[in-house]
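Novice: After the sequence you'll find the predicted model.
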Amino acid sequence: MRKYLEIVKIYIKTQIAWRGDFIIQILFTLTKIVFASLLWGTIFAGRDKVTGFTINSMMSYYIISSFLTQLDMSSKVSREISQRIRNGTFSKYMIIPINIQGYFIAMEMGVVFFNLFIYFITSVLWIFIFRIRFVFVSDPVVLAGAVILIILGLFFMAQLNYYLGLLTLKYEEIETFLMIKDNLVAFVTGSIIPLTLLPEGIVLVMKAFPFYYVTYLPSMLFIGRIKGELGMGLLVLSCWCVVLQAVIHATWQNYRVKYDGVGI
Amino acid sequence: MEIIETVGLTKNYRRFKKQAGIMGSLKGLIRREYEEKQAVSNLDLTIREGEFVGLIGPNGAGKTTLVKMLTGIIAPTCGTISVLGYYPNDLEHEFKQQYAVVMGQKSQLFFELTVEDTLRLFKEIYGLPEQEYQISKDYFVNLFQVQELMHVQVRTLSLGERMKMELIAALLHNPKIIFLDEPTIGLDAVASKQIRGFLAEINEKKGTTIVLTSHYMEDIKALCKRSIVINHGYKIYDGDTEKLFERFQKYKKITFIFHEPTLLPGLAFDARIMEQTPYKKVIVVPKENAAELLRALMSLLPIDITVEEEEIGTVVERIYQEGGKGFA
């Protein structure tokens, strides 16, 4: 376990190695916040509610969901694995006594902890600067459930991206898979628009898939909505994690012999 | 005790064959053609504990493929392979705990961080107790004389300094076997000599088995008592390094630079003039006549002389032509 903690620490250190990057990340997040405030301010102009949301609950939803969306940096994992398999540098993970998936998850955690810190600061700044009356759940059970859901969601996304990266062993080029995944995730997680704005039938279908529970459900739980879906969310997401782990295991066992470590 | 053993080891690669141009690309979309390339063919090999073995061969000979199979990075197509009693491609942690790989053109270090940071990571990955880590680190830091460099960003190190750090990171857990792939590539003569000195000491003092691939004759000659020559995937020589060079490295290339325009005298032995200008002469001569050539031209007062060994590719080609197998 200590080896994975050290990997987490190493990646936190790499995130803060450059002062310029650090400052620009904060500024970039603040810029997004300003644009979002202008957009939702225009939509709510002269109206108290839009599809059951007040401007405060909508802004709270937006802050939380963008916080969660930006927390998940796992899409970099699939591209890094793919690139490393293609140029042969994936070998560096194969020659050290470590679980490769564990390495990438620990790497992801290092990045997440850093982002957690940045986005927490900028979200708090946002709430204060724009004097948003932040809508937040007070029930500790729902709060704890939502946090577990977020952890499971981040783990699922890391698994998914690790799996897609491994497909390079078989297909060599996985950009199409990644494009489909990125578009699907952006839509289904509700990070583009809240899913309550979509027809009920479509939302029902989405509930069978894990993405609904990654960003959308925890965001809604945090603002005190759809509490009844917590149990189902935990169950569905846990099942997907177990299934995907089995798929990853089978994929690695079958395809790792195809790795040819070209370029070294 | 034998710690590496292969019998009939073979590796075939399958690769997509594409014709050039747009039409070739379009044809490739409709009908794919593949070709098989045999990178290593039916290779039998045994290496004993504590040996320092050189793997020699031109580019594409199959050396790196062999190292990749020995370390488990790739799976063999057929044949048997055992390293420290393990089948490498099972990628067992207990196996990986006992060897290290250093690739001259690939890095294990984090460029934004210090070497100390990377070594800490390796300490945890290999599960080294704090005391053992400190002893091992101090030993190598003193050996390589890099105390001053432990707390600077890796990206600011020179190539030679970085290679020393790569070696420390690889050696920290005291592996039983080290696979070195071109460790002196791109290094100047001083840095190369230092690295060779360190490797010789580690082999001698710690009894570490070292498998070295290099294009540089100097590396092989200075370090490896035993050499294995590979060409087109086949082992064509396996034996004493000194005998290998004695028998197959037949010529020396000598370059003379003169201060004034100079004419070559007649030479009483076989010598090929590769380049001749009024100020510069490049001559290839059988090695037994090298001293005689030097004596003959020293009287012309050259301002600079360079003596070079034959390139590894030429030597391999000669072994191939003369049938090195019988010599093994």
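Specialist: Structure's in. What do you need? Numbering: from 1, shown residues only, chains lettered A, B, ... in the order given.
Novice: contacts, neighbours, all on C-alpha from now
Specialist: OK.
Novice: Tell me which residue of the stretch 101-250 of chain A lies closest to chain B.
Specialist: Relative to chain B, the nearest point of the stretch 101-250 of chain A is A:Tyr103 (10.2 Å; CA to the nearest CA).
Novice: For that residue, give its distance to A:Thr89.
Specialist: For A:Tyr103, the distance to A:Thr89 (CA to CA, to the nearest Å) stands at 15 Å.
Novice: for the strand or helix carrying the residue of the stretch 101-250 of chain A closest to chain B, which positions count as buried?
Specialist: Element membership for A:Tyr103 (DSSP states H and E) is helix A:100-129. Using 16 or more other CA atoms under 10 Å in any protein chain shown as the test for burial, helix A:100-129 gives A:101, A:103-116, A:118-119, A:122-123, A:126-127.
Novice: what helices or strands is that helix leaning on?
Specialist: helix A:2-15, helix A:19-43, helix A:55-71, helix A:140-166 (3 or more CA pairs under 8 Å, 6 or more residues apart in numbering or on different chains; DSSP states H and E).
Novice: Give me the distance from that helix to the chain's centre.
Specialist: 10 Å (CA atoms, centre = their mean, to the nearest Å).
Novice: again, but for stretch B:272-285
Specialist: Using CA atoms, centre = their mean, the offset of stretch B:272-285 from its chain centre is 30 Å.
Novice: what about the helices in the stretch 151-300 of chain B?
Specialist: B:159-171, B:189-206, B:217-223, B:241-248, B:290-298 (DSSP state H, counting those that start in this stretch).
Novice: Select, out of those, the one closest to chain A.
Specialist: helix B:159-171 (10.0 Å).
Novice: Neighbours of residue 64, how many?
Specialist: Unless you meant another one, I'm taking chain A. 24 (other CA atoms under 10 Å in any protein chain shown).
Novice: You answered for a different chain; I wanted chain B.
Specialist: Applying other CA under 10 Å, I find that B:Thr64 has 24 neighbouring residues.
Novice: Please identify the buried residues of the strand or helix carrying it?
Specialist: Per DSSP H and E, B:Thr64 falls inside helix B:63-70. Within helix B:63-70, the residues that qualify as buried are B:63-70, counting by 16+ other CA under 10 Å.
Novice: Dump the residues you listed to JSON lines, plus distance to chain A.
Specialist: Converted to JSON lines, the buried residues of helix B:63-70 look like this (distance: CA to the nearest CA, whole Å):
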{"residue": "B:Lys63", "distance to chain A": "11"}
{"residue": "B:Thr64", "distance to chain A": "7"}
{"residue": "B:Thr65", "distance to chain A": "9"}
{"residue": "B:Leu66", "distance to chain A": "12"}
{"residue": "B:Val67", "distance to chain A": "10"}
{"residue": "B:Lys68", "distance to chain A": "8"}
{"residue": "B:Met69", "distance to chain A": "10"}
{"residue": "B:Leu70", "distance to chain A": "11"}
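Novice: Closest one of these to B:Leu109?
Specialist: B:Lys68 (20.0 Å; CA to CA).
Novice: quick one: low-confidence parts of the chain?
Specialist: Reading this off chain A. Counting by pLDDT under 70, chain A contains low-confidence residues at A:19, A:189-194, A:263-264.
Novice: My question was about chain B, not that one.
Specialist: Using pLDDT under 70, the flagged stretches of chain B are B:104-105, B:323-328.
Novice: Phi and psi next, for the spatially most distant residue from the centre of chain A.
Specialist: Here chain A reaches farthest from its C-alpha mean at A:Gly46, the gap being 34.1 Å by CA atoms, centre = their mean. Backbone geometry at A:Gly46, expressed as degrees, to the nearest 10, gives phi 80, psi 10.
Novice: Quick check: it vs A:Gly52, distance?
Specialist: Taking CA to CA, one finds A:Gly46 at 15 Å from A:Gly52.
Novice: State the distance from the nearest residue to A:Arg133 once chain neighbours are set aside to chain B.
Specialist: Leaving aside its sequence neighbours, A:Arg133 sits nearest to A:Asn56 (CA to CA, 6 or more residues apart in numbering or on different chains; 6.0 Å). Distance of A:Asn56 to chain B, given as CA to the nearest CA, to the nearest Å: 42 Å.
Novice: so what's A:Asn56 up against?
Specialist: Applying CA atoms under 8 Å, 6 or more residues apart in numbering or on different chains to A:Asn56 gives the contacts A:132-135.
Novice: what about A:Met73, which helix or strand?
Specialist: Using DSSP H and E, no helix or strand contains A:Met73.
Novice: What residues does chain A have near chain B?
Specialist: A:2-3, A:6-7, A:10, A:13-14, A:17, A:89, A:91-92, A:94-98, A:257-261, A:264 (CA under 8 Å from any CA of the partner chain).
Novice: buried set for stretch B:22-30?
Specialist: Buried, per 16+ other CA under 10 Å, within stretch B:22-30: nothing.
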